[in-house]
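Whatever this is, show me its structure:
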Amino acid sequence: MHLIGTKWKPLILFHLLEGGLRSGILQKHIEGISNKMFTQTVRELEKDGLISRKVFPVVPPKVEYKLTNRGSSLESILRSLDKWGLKDGEKKQKNS
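Okay, the predicted model is just below:
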């Protein structure tokens, strides 16, 4: 849980399941995350070996994040969490 047990880490990892994303695009997928929190979270994920960061030598700078093999090993867990969240949301709507 230490590796993915925050509000933002599972969301970032989930959005990288389909492949690498530029940092700006990835951040736009995560509604409500601040620039500071995004930067802090991706740094932690990179430090823990779950994502990799590639910087392209262009102007303006282009940074792309993608899952490492270690990060990819979380796919079934992340997809299960997503599936559970969708079902739970449907139950909440029915009970409203």
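
what residue ranges in the protein score low on pLDDT?
Low-confidence segments of the chain (pLDDT under 70): none present.

any idea which helix is longest in it?
helix 75-95 (DSSP state H).

hang on, isn't residue 11 packed against residue 30?
Yes - applying CB atoms under 8 Å, one finds residue 11 in contact with residue 30, separated by 5.2 Å. C-beta coordinates here come from the backbone N, C-alpha and C atoms, glycine included.

Would you map the helices across this structure?
Using DSSP H, helices in the chain cover 9-15, 23-29, 35-47, 69-72, 75-95.

Which strands and helices lie in contact with the last one?
Meaning helix 75-95. Helices and strands touching helix 75-95, by 3 or more CB pairs under 8 Å, 6 or more residues apart in numbering; DSSP states H and E, are helix 9-15.

Can you spell out which helices and strands pack onto the helix it packs on?
Going by 3+ CB pairs under 8 Å, 6+ apart, helix 9-15 lies up against helix 23-29, helix 35-47, helix 75-95.

tell me the contacts of the spatially most central residue of the chain?
Centroid check for the chain by CA atoms, centre = their mean gives residue 12 as the closest residue, at 0.9 Å. Residue 12 makes contact with 26, 30, 38, 41-42, 45, 51, 65, according to CB atoms under 8 Å, 6 or more residues apart in numbering.

Out of these, the closest to residue 87 would be?
residue 30 (21.7 Å; CB to CB).

what's the spacing between the residue nearest to the centre of the chain and residue 23?
If you measure residue 12 against residue 23 using CB to CB, to the nearest Å, the figure is 10 Å.

Which neighbours do the two have in common?
38, 42, 65.

Looking at these, which is nearest residue 17?
Among the shared contacts of residue 12 and residue 23, and counting by CB to CB, the member closest to residue 17 is residue 65, at 12.0 Å.

May I have the residues that are in contact with the residue lying closest to that closest one once chain neighbours are set aside?
Closest residue in space to residue 65, ignoring its immediate chain neighbours: residue 51 at 5.1 Å, by CB to CB, 6 or more residues apart in numbering. By CB under 8 Å, 6+ apart, residue 51 lies in contact with 12-13, 16, 42, 45, 65-68, 71.

For the longest helix of the chain, list every residue counted as buried.
Buried residues in helix 75-95, counting neighbours by 16 or more other CB atoms under 10 Å, are found at 78, 81.
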